[in-house]
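# give me a model of this one.
(one chain, ligands or ions: 1)
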Amino acid sequence: MDFAYDARTEELREKLLAFMDEHVYPAERTAEEQRALLASPWDTPPVVEELKAEAKRQGLWNLFLPDAEYGAGLTNLQYAPLAEITGRSPQLAPTALNCAAPDTGNMELLAQFGDEAQKKQWLEPLLTGEIRSAFAMTEPEVASSDATNIETRIRRDGESYVVDGRKWYISGAMNPDCKIFIVMGKTDPDGTDPRRQQSMILVPRDTPGVEVRRAMQVYGYEDHSHGGHAEVIFDGVRVPASHLIGEEGGGFAIAQARLGPGRIHHCMRLIGMAERAVELMCRRAVSRTAFGKTLAQQGVVQNWIADARVQIEQLRLLVLKTAWLMDTVGNRGAHTEIQAIKIATPRAVVDIIDKAVQAHGAGGVSQDFPLAELWAAARTLKLADGPDEVHQRSLARRELKKYL
Ligand SMILES: Cc1cc2nc3c(=O)[nH]c(=O)nc-3n(C[C@H](O)[C@H](O)[C@H](O)COP(=O)(O)OP(=O)(O)OC[C@H]3O[C@@H](n4cnc5c(N)ncnc54)[C@H](O)[C@@H]3O)c2cc1C
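You can find the predicted model right below:
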């Protein structure tokens with residue numbers, strides 16, 4: 001067993017670490033300052049476009065796509081340590097490299113299931129970073145962790161489909177650069193197989209009947225850099241029948257395929273978030289004195305730091321093993337491990353960031369450090385892309401099957 005990264009990964013890691021130091025971290029403050037001057041807080045600050053251009057110039061672009069026809073052609077195992085580095089600045093680095101959710105999942109989906117016309121119209125501008133996209137599945141009225149509950153209707157009418165429904169927490173949709181929605185709805189709500197009732201359809205943002213109604217908050221944050229999380233209404237939205245992705249009834253299977261890589265990407269970035277929190281905690285601990293000792297000399301703070309290091313090393317090994325399994329036996333063969341990391345990583349990282357917040361005192365919950373926002377982002381991943389309990393239920397069932 002070899003735990004070392006291969007030569008290509010090492011080379012890209014070095015390049016990416018330098019890119020983070022020289023360009024991304026200094027741009028964090030600039031992006032906020034520029035945003036305050038924009039006509040709308042949802043517009044993209046100019047510094048983000050500069051970062052994208054620089055990342056492209058340095059060959060740090062579309063690293064997430066394993067298909068060499070479209071992306072860098074890296075394996076999951078090669079991409080994992082790079083995604084981890086981008087997680088250290090989750091609001092800027094993934095976007096700078098064109099490796100941000102939900103675009104990554106949408107690009108994979110179009111590459112895998114889109115027809116040639118759909119790829120030309122939507123995948124190509126997404127790959128060049130000209131536009132952004134959203135994935136619209138969750139609905140406020142139904143328990144959406146169970147996709148069979150989805151109520152949005154996609155009704156065939158001659159050479160068109162008509163979409164009616166209400167979605168929320170649609171990531172990226174507040175940003176006007178988000179030009180296309182991939183919408184999940186039911187084409188056959190009365191079908192006997194509950195997993196064949198759904199379809200996916202492409203809905204351009206400017207289609208009459210699409211209303212991006214409001215920005216949903218995350219613990220009071222609006223997540224501007226990410227493009228926000230919107231409530232979106234589809235009211236009698238008519239699109240050509242050619243906008244359907246794959247076949248009628250194929251939506252459930254496409255949604256399942258989309259989430260595998262997305263989950264591991266989130267976990268990789270979460271580990272980077274935890275590393276940033278530990279770094280901030282250590283820097284703070286050696287520089288503050290209370291009751292005659294630095295915080296770093298307090299046993300309790302040492303325990304937080306030690307526990308965080310142990311948790312991060314455990315998580316990284318499990319995520320890398322999962323990446324290796326996805327490369328060698330496919331996403332289906334890695335099902336248990338994908339669920340295991342999706343349960344274990346946000347849980348541990350929320351705890352690590354919470355300790356870093358504590359070590360910062362009031363500063364930890366303030367806007368002067370990135371910790372409060374990192375915590376909120378990590379906490380949402382116990383819900384997004386499937387709540388913990390749903391993964392636990394499915395993992396336990398697979399485990400129990402061995403004994404039945
Ligand atoms: C920041 C953020 C971004 C998001 N981005 C997107 C996006 O881009 N596109 C999109 O479509 N959605 C998005 N979502 C929505 C997310 O995917 C859903 O919130 C998630 O799937 C859960 O659905 P729900 O909110 O309807 O919860 P529900 O389905 O109502 O579930 C509520 C709770 O019930 C419990 N539960 C459910 N099922 C079980 C079970 N079988 N066993 C035990 N307990 C159970 C869980 O604790 C769960 O958290 C986002 C959410 C957040 C917070």
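# which bits of the stretch 301-404 of the chain sit near the ligand?
Thr380, Leu383, Ala384, Asp385, Gly386, Pro387, Glu389, Val390, Arg393 (C-beta under 6 Å from any ligand atom). (Each C-beta comes from the backbone N, C-alpha and C, glycine too.)
# buried ones among these?
Buried members of these, scored by 16 or more other C-beta atoms under 10 Å, are Thr380, Ala384, Asp385, Gly386, Val390.
# check contacts around the last one.
Each residue near Val390 by C-beta atoms under 8 Å, 6 or more residues apart in numbering is listed here: Ser145, Asp146.
# one more time with 7 Å, if that's ok
Ser145 (C-beta atoms under 7 Å, 6 or more residues apart in numbering).
# ditto for Gly227
Neighbours of Gly227 in contact, by C-beta under 7 Å, 6+ apart: Arg132, Ser171, Gly172, Ala173, Met174, Asn175, Cys178.
# if we can go back for a sec, from the buried ones among the residues of the stretch 301-404 of the chain next to the ligand, which land in strands?
Of those, none are assigned to strands by DSSP state E.
# those residues in helices, which ones?
Assigned to helices by DSSP state H, the following of these qualify: Thr380, Val390.
# quick one, what contacts the residue most central in space within the chain?
By C-alpha atoms, centre = their mean, the chain has its centre lying nearest to Ala101, at 3.7 Å. Residues in contact with Ala101, defined by C-beta under 7 Å, 6+ apart, are Ser171, Gly262, His265, His266.
# how about it, secondary structure?
Secondary structure assignment for Ala101 (DSSP: H, G, I helix; E, B strand; the rest coil): coil.
# and the stretch 101-250 of the chain, which residues reach the ligand?
102, 135-138, 143-145, 169-171, 218, 229.
# same thing but at 5 Å, please
With C-beta under 5 Å from any ligand atom as the criterion, the stretch 101-250 of the chain meets the ligand at residues Pro102, Phe135, Met137, Thr138, Ala143, Ser144, Ser145, Tyr169, Ser171, His229.
# may I ask which two of the contacts of Ala101 are separated the most?
Ser171 and His265 (13.3 Å; C-beta to C-beta).
# quick one: Asp238 is in a strand?
No Asp there; residue 238 is Arg. Yes. Per three-state DSSP, Arg238 lies within a strand segment.
# looks like it contacts Gly158 (just checking).
No. Contact criterion C-beta atoms under 7 Å: Arg238 and Gly158 do not qualify, at 9.9 Å.
# so what's the gap between stretch 385-393 and the chain middle?
16 Å (C-alpha atoms, centre = their mean, to the nearest Å).
# same question, stretch 133-153
Worked out by C-alpha atoms, centre = their mean, stretch 133-153 lies 18 Å from the chain centre.
# circling back to that earlier point, using CSV, please lay out the buried ones among the residues of the stretch 301-404 of the chain next to the ligand together with distance to Leu374.
Shown next, in CSV, are these (distance: C-beta to C-beta, whole Å):
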residue, distance to Leu374
Thr380, 11
Ala384, 15
Asp385, 18
Gly386, 21
Val390, 24
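# closest to Pro208 out of the buried ones among the residues of the stretch 301-404 of the chain next to the ligand?
Ala384 (29.9 Å).
# nearest residue to Ala323 in space, please, no chain neighbours.
Asn76 (3.8 Å; C-beta to C-beta, 6 or more residues apart in numbering).
# repeat that for Lys119.
Closest to Lys119 by C-beta to C-beta, 6+ apart is Leu110, at 5.9 Å.
# my read: that neighbour touches Lys120, true?
No. Taking C-beta under 7 Å as the definition, Leu110 is not a contact partner of Lys120, at 10.2 Å.
# those two: who's more crowded?
The residue with more neighbours, out of Leu110 and Lys120, is Leu110; 24 against 11, by other C-beta atoms under 10 Å.
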